[in-house]
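Undergrad: whatever this is, show me its structure:
(chains A, B, C and D)
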Protein chains: 4
Amino acid sequence: MEADDAQLAEAGERRIEWAMRAMPVLRAVGERFAATRPLEGLRIAACLHVTAETAVLMGALRAGGAEIALAASNPLSTQDDVAAALRGYEVDVRARAGVDRDTYYRHINEALDIAPDLVLDDGCDLVNTLHTERLDLLDGVGGGCEETTTGIIRLRQMAAEQALRFPVVAVNDTRTKRMFDNRYGTGQSTLDGIMRATNMLIAGRTVVVAGFGFCGRGVAERARGQGARVIVTEIDPVKALDASLQGYEVLPMELAARAGDLFITVTGNRDVIRAEHLAEMRDGAVLANAGHFDVEIDVRALEGLAEDVTRGVRPHTDEYVLPGGRRLLLLAEGRLVNLTAAEGHPAAVMDMSFSAQALAVAWLAAERARLAPGVYDVPADIDAEVARLKLAAAGIAIDALTPAQTDYLRSWRLGS
Amino acid sequence: MEADDAQLAEAGERRIEWAMRAMPVLRAVGERFAATRPLEGLRIAACLHVTAETAVLMGALRAGGAEIALAASNPLSTQDDVAAALRGYEVDVRARAGVDRDTYYRHINEALDIAPDLVLDDGCDLVNTLHTERLDLLDGVGGGCEETTTGIIRLRQMAAEQALRFPVVAVNDTRTKRMFDNRYGTGQSTLDGIMRATNMLIAGRTVVVAGFGFCGRGVAERARGQGARVIVTEIDPVKALDASLQGYEVLPMELAARAGDLFITVTGNRDVIRAEHLAEMRDGAVLANAGHFDVEIDVRALEGLAEDVTRGVRPHTDEYVLPGGRRLLLLAEGRLVNLTAAEGHPAAVMDMSFSAQALAVAWLAAERARLAPGVYDVPADIDAEVARLKLAAAGIAIDALTPAQTDYLRSWRLGS
Amino acid sequence: MEADDAQLAEAGERRIEWAMRAMPVLRAVGERFAATRPLEGLRIAACLHVTAETAVLMGALRAGGAEIALAASNPLSTQDDVAAALRGYEVDVRARAGVDRDTYYRHINEALDIAPDLVLDDGCDLVNTLHTERLDLLDGVGGGCEETTTGIIRLRQMAAEQALRFPVVAVNDTRTKRMFDNRYGTGQSTLDGIMRATNMLIAGRTVVVAGFGFCGRGVAERARGQGARVIVTEIDPVKALDASLQGYEVLPMELAARAGDLFITVTGNRDVIRAEHLAEMRDGAVLANAGHFDVEIDVRALEGLAEDVTRGVRPHTDEYVLPGGRRLLLLAEGRLVNLTAAEGHPAAVMDMSFSAQALAVAWLAAERARLAPGVYDVPADIDAEVARLKLAAAGIAIDALTPAQTDYLRSWRLGS
Amino acid sequence: MEADDAQLAEAGERRIEWAMRAMPVLRAVGERFAATRPLEGLRIAACLHVTAETAVLMGALRAGGAEIALAASNPLSTQDDVAAALRGYEVDVRARAGVDRDTYYRHINEALDIAPDLVLDDGCDLVNTLHTERLDLLDGVGGGCEETTTGIIRLRQMAAEQALRFPVVAVNDTRTKRMFDNRYGTGQSTLDGIMRATNMLIAGRTVVVAGFGFCGRGVAERARGQGARVIVTEIDPVKALDASLQGYEVLPMELAARAGDLFITVTGNRDVIRAEHLAEMRDGAVLANAGHFDVEIDVRALEGLAEDVTRGVRPHTDEYVLPGGRRLLLLAEGRLVNLTAAEGHPAAVMDMSFSAQALAVAWLAAERARLAPGVYDVPADIDAEVARLKLAAAGIAIDALTPAQTDYLRSWRLGS
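TA: This is a model prediction of the structure:
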């Protein structure tokens, strides 16, 4: 390791140490793993955002006995100092911030070279690569975990087409993940990223949130909590109705485009903001994406419309000048604004998701022989266990059922 | 019909007419039923709160061709004027406000005398009576619908014990019901009932909400929205954690009992507020229940502790004086405060639940021959249909997927 | 007293007893007055809403030694049972619910017949009558208190025109009154009145609040807290900007008229909703006023536009059918919806306003000889004293300045 | 100018250009000044945070004809790139980030060397220096403006002691400043600074806000809006009561110290968090100050208690290890966390404060000869003018009074 790397690794260590403070549950899981070694001798290929919180997860898995190769799940989100530190922990890291698409996929392939027994994915790129380019490795894979809504959608589609070759646990769909990570993590970090990139006043602004799933709800709540007037767009009538009953204005994007000062996409779909919407926007409108892939805002359309582009008018902020002089501001090139312009989810939420992840991996290691290919829910007791540990770490006590109450819930004969 | 009854019926008509204004979806379903007659010749025994909104549901089912007998699902919640009006609509109503337990069950039995093809229940008392006392009628019953969380818990337990003899649709578990009726309906009407009963200022008060399911969340949100400081108690660690992350203080009831000015139980369980909690409460504390049955506050324990009781210090408000002079105020005798002291859920939310109910009954009428005994989810398209009609009635337009977006969601091969 | 009156008085007593529970500060002031008799031998003519809370105030003033004649400050707001009970307390009450305009003013004149040393007013009708019809009594009046924003506006105008003949304390302008009574009292009771009158679901509705003073802010907060989307109209740019920065949409009434499901006026001005606005409203729109006088909604214009009117489609709800069939619903005939359809401000807020009122009367009794005609602020220490007593009653302790902190605030020489 | 300086100045230009976008009101004022030259030939000494927004103000004053010397009003808040850019605009800047106390005061003295006709201050250090060290210059000073609550407290004390030698406009006390800058600006930027420094999850944390003035209210709202449970401490009973009625828990610091995860001081006073409070805090508690001076948290006491200190465990975050191993984290050394760890108030709020400032300077230039020494309110029409321009820039239209309404407000004879 050279001097620069050593310095980088040291900065990474500091970051990881900071993250660990806010991750008491994952620390507890790591200690349990060190004692029980549930992953002894297993090889894991992981494709995750290479951040301090991921490093703590890697630590827990290593403590459990796993050998790990790690690629980044996003070309921009890698924290190079953390990557440097992880190399010191004997994790084979294949990631660097700002790589191009080819290098991104090369890294995934290099991680797969470990010939994994288990895989961890965040967006399904690694699993997809396995099923399209590395078919030779498929027989060795006993199972996987997927972390995102986007990835689960892809996996369910694969399962429906009989294309999926091993069992995958939908870590994303645990209550602890969806309720906490998607809602509170994405909510805070997205607004944080936007404020760091622009230092704009949120109060009084009209913020358009596209998508009202768990992530969208979190973003809408935080924007409202900063004093914004929030407009929601949706394609699902039930979610749209829910947004309306929470006091949000619900509009089709066509109309929202004219009203918004700030647009945030969180749908998991592509082309949510298209040329026809860009053409309607006000001078100075800000565009940010908090969905997994950089396809939600049609950046190519924006480039096509623009007469002039200035990169970096603020950090992570590019200005596109449209005919007539209207200026649109695109943050983080349309990539995940919370990971690019801020630091991603706070460690305290990742603590829950990654603890569920770690426990799910251990469960998969034990059960994989018995599981057919398909998408599986995280066992409910893992969810409750993570919540219980988290409450305990926060010093929060809750009630327990009395025997009479347990009986009451069981008995259908007692009535009015 | 005598003069008084006629006057009562007229008042009921006015109430029903008022409710219909806020129930555009159920009106649309009724019109569709009048054209298609999906319930032609079927006998339905229903056990529901006899309110104006229920009357609109009865109208839709009648329009679909059903013959109906209706008993009350709660001894206190019957609106006598609505009952009178319903008799004019050829619904066989067996209900009167304020009846005793025996009369309550006699009414259910009388409704069952219709020998139902289908049943509608709200709390599972009618289904329970069928399975314990009227076994002779069971063969004729093709299926049922259940409206409450409490009822579903009882039914699932019956199913688990193989005791359930016909298919039941868990109307309560539709997204439109749980997200809207339980959350927004219970939330508003509970606070409304408490304000009508006490005229107390909610702002600045410490409100303890026991239970953080959909109903409890709704109550907590509305209490906070009125300026209260809200404390949540729970037994489920995931819900407790969620409450905490929404900024509520989470405490065991033992500690919350000392802090609260107002206690609202919404758990679906018994003995949530017990003698040991009552003994800790402040002078002037107010106790209200918004859970289905009147078992959540241990009223018998309260009576046992009290040295003196004054009924009706305010409408629906009884004062219990404890040793040492502390006064506790029990609302609505511990029964559903929203139905007793106010008018239950606003028609606008019942519009959704009852539309889902009506469509589920029609589905059950068509499919019942093919369904084994058990608890069934409402088909997802009913849910979406209700939401779509509701949005349209409110004049809210939403986006539709483009073909490219539909493809994108289907394709697992596109990635970073 | 006849049997009916006795029964009425007994009901009034219960109401008053209930109000006293929530008025610990005024009770404490009453006890102090009983000991010090600051109003010994003084005659007071009061024009106030005749409610249970006012009765507690009357009790405190009586304890202080005053002789009192009381007229209603609104033709609809009198609680007849409280009036009956007050007569038993030797207060000369001239008020009855639902009187016409002539009787209303006759009552005020009868109250003035006491030849007051001091006057209490709520809306300035009594002071106005004194200055226009009962000039003979003016020399005897040492001073007065005014309770409302509306009244203060009228009084300042009188003072500016040199027409005001005695000192008046602007009780309305105390921080405890404006911050608490106007904001939290009007906020809760207005929504409460609307829910009692209509049982409408507030969540998801577009609520237009006209006026963003303290009262309007309170109404907007409570509407939002019930899940509404709130639009604010204003004429003051600073208040409009503040509303906008709190995340409310700000529109001129012309545009808001088209968007609203529910309109609430709280401006202190007339004709806020005029024919041109009514002509734009949606079918089913609800109109309510929470401003002092019934001039904010132009009811005459509404009557002029309507082809048909049905009184009482719900309690306190009249339906106006406009050409083309649109139906507008006017609550409480455009009078104060919180006092007419609900019970006015909760006692807990009146506790503060009326304690400030009582202490201001005592101050006026002591200082009136030294005060020139004009509008006076309540002395700041009265304000702080009321807040201190209120906090103590709620069991809330706060910090005190250390000597070093007191010094620091006094010293301008210490800097960076 | 050397190469580095040129680069720095260029970065500063970009920042200033960015700020200008969000400052349409100040740009409009600058254009008006360029036409009317109200400050022609006047020398101004200013002591302000040297930020991009201040640069825009300097531009407007320069456009009005002023000659300016500018010192920093805080040793840490200077943006060096902006300072470099300002030098290019012919403003004599005396400021550099991170200077020590002596240099800080030397800079103020150097700015005063301009022999000012008018002064602008932010915290009163420059005015204080004038009155204690540079008495020779006092005769030449026609007046000043002060921007902060802290400064106004000091100035009023000076005026009370007859020590103040010229008129000062309390720009801080305008409604546009207090309502917007203090509340929305401090609110957002304080939370922003804390998130940048710590990346901690705010949701679910117990945040203690010391002080419930305009700034404290803003901080409390934003913390709550991020999902925190907020506890308020106060010394003023009226503010404490208001906090309580807004649903905040109000506690003395002694008790709050045990409950908090994050402490934010915004009082304008010293020693708000003292040794006895630090001794009670939980492991991991975070301490931040958003009050003007770094005296609110007793940092010396913290250093005295600590057994070990690690600087920079995160940017702007120092860790103090107390006996027994508890770790407290102090942000920004107890200085303004919003200016140190984030970028201070968003330009959109400074637009209002600085526009009021610029207009107040012009008013002072015109009126100074007629004004006795003392603290003056900003003329009300300046306030309304700023709000009007801001609304216009945001495209928000509001209502205007009709003639009948204007009459109504003027007439005290119209009543019930």
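Undergrad: residues contacting A:Asp236?
TA: Residues in contact with A:Asp236 (Cβ atoms under 8 Å, 6 or more residues apart in numbering or on different chains) are A:Phe212, B:Ala384. Using the backbone N, CA and C atoms, a C-beta is placed for each residue, glycine as well.
Undergrad: just the local confidence number for it, please.
TA: pLDDT, A:Asp236: 95.
Undergrad: cool, the one 5 residues further on as well?
TA: Per-residue pLDDT puts A:Leu241 at 95.
Undergrad: helix/strand/coil for it?
TA: Of the three states, A:Leu241 takes helix under DSSP: H, G, I helix; E, B strand; the rest coil.
Undergrad: again with the one 3 residues further on
TA: Counting by three-state DSSP, the backbone at A:Ser244 sits in helix.
Undergrad: got the contact list for it?
TA: A:Ser244 is in contact with A:Val232, A:Val250, B:Leu391, B:Ala394, B:Ile396, C:Gly204, counting by Cβ under 8 Å, 6+ apart.
Undergrad: for the last one, what are phi and psi?
TA: Translated: C:Gly204. Backbone torsions of C:Gly204, given as degrees, to the nearest 10, read phi 90, psi -10.
Undergrad: excluding residues flanking it in the chain, which one is nearest it?
TA: Closest residue to C:Gly204 apart from its sequence neighbours, by Cβ to Cβ, 6 or more residues apart in numbering or on different chains: A:Leu245 at 4.1 Å.
Undergrad: so the one you found sits against C:Gly227, correct?
TA: Yes - assessed by Cβ atoms under 8 Å, A:Leu245 is found in contact with C:Gly227 at 6.0 Å.
Undergrad: got any residues that touch both of the two?
TA: Jointly contacting A:Leu245 and C:Gly227 under the rule Cβ under 8 Å, 6+ apart are B:Tyr184, C:Ala203, C:Gly204.
Undergrad: wait, does stretch A:335-344 contact chain B?
TA: No - counting by Cβ under 8 Å from any Cβ of the partner chain, chain B has no neighbours in stretch A:335-344; the shortest distance is 9.6 Å.
Undergrad: and the end-to-end length of stretch A:91-111?
TA: One end of stretch A:91-111 to the other measures 11 Å (Cα to Cα, to the nearest Å).
Undergrad: which positions within it qualify as buried?
TA: For stretch A:91-111, burial by neighbour count (16 or more other Cβ atoms under 10 Å in any protein chain shown) applies to A:91-95, A:97, A:99, A:104-105, A:107-111.
Undergrad: around chain D, which positions in chain A sit nearby?
TA: Counting by Cβ under 8 Å from any Cβ, the residues of chain A near chain D are A:14, A:17-18, A:21-22, A:184-185, A:187-188, A:192, A:195-196, A:199-204, A:221-222, A:224-227, A:284, A:313-314, A:342-343, A:346-349, A:394.
Undergrad: can you rerun that using 7 Å?
TA: A:14, A:18, A:21-22, A:184, A:188, A:192, A:195-196, A:199-203, A:222, A:225-227, A:284, A:313-314, A:343, A:346, A:348-349 (Cβ under 7 Å from any Cβ of the partner chain).
Undergrad: mind checking which of those residues land in strands?
TA: The strands, defined by DSSP state E, take in A:Val313, A:Arg314 from the residues of chain A next to chain D.
Undergrad: got a ChimeraX select line for the buried ones in the residues of chain A next to chain D?
TA: A single ChimeraX command is used to select the members of the residues of chain A next to chain D judged buried by 16+ other Cβ under 10 Å:
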select /A:14,18,21,22,184,188,192,195,196,199,200,201,202,203,222,225,226,227,284,313,314,343,346,348,349
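Undergrad: and chain C, which of the residues of chain A next to chain D contact it?
TA: Within the residues of chain A next to chain D, those near chain C by Cβ under 7 Å from any Cβ are A:Ala203, A:Gly227.
Undergrad: once you drop chain neighbours, what's closest to A:Gly374?
TA: The nearest residue in space to A:Gly374 (Cβ to Cβ, 6+ apart) is A:Ala159, at 5.3 Å.
Undergrad: now name the helix or strand holding that neighbour.
TA: helix A:149-160 (DSSP states H and E).
Undergrad: check which helices and strands the helix or strand just after that helix sits against.
TA: Downstream of helix A:149-160, the first helix or strand assigned by DSSP H and E is strand A:167-170. The helices and strands touching strand A:167-170, judged by 3 or more Cβ pairs under 7 Å, 6 or more residues apart in numbering or on different chains; DSSP states H and E, are strand A:143-146, strand A:374-376.
Undergrad: can you lay out those as TSV showing mean neighbour count and mean pLDDT?
TA: Below are the helices and strands packed on strand A:167-170 laid out as TSV (neighbours: other Cβ atoms under 10 Å in any protein chain shown; pLDDT from 0 to 100):
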stretch	mean neighbour count	mean pLDDT
strand A:143-146	28	95
strand A:374-376	17	95
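Undergrad: closest to D:Leu262 out of the ones you listed?
TA: With Cβ to Cβ, the closest approach to D:Leu262 among the helices and strands packed on strand A:167-170 belongs to strand A:143-146: 32.8 Å.
Undergrad: using CSV, list the CA coordinates for that closest one.
TA: This file holds the C-alpha atoms of strand A:143-146, laid out as CSV (Å, rounded to 0.1, in the frame of the first residue of the first chain):
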residue,chain,number,x,y,z
GLY,A,143,-28.9,-18.0,-3.2
GLY,A,144,-28.9,-14.3,-3.0
CYS,A,145,-30.3,-11.2,-1.3
GLU,A,146,-31.7,-8.1,-3.1
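Undergrad: so how far is it off the chain centroid?
TA: 15 Å (Cα atoms, centre = their mean, to the nearest Å).
Undergrad: do stretch A:64-78 as well
TA: On Cα atoms, centre = their mean, the centre of stretch A:64-78 falls 14 Å from the chain's centre.
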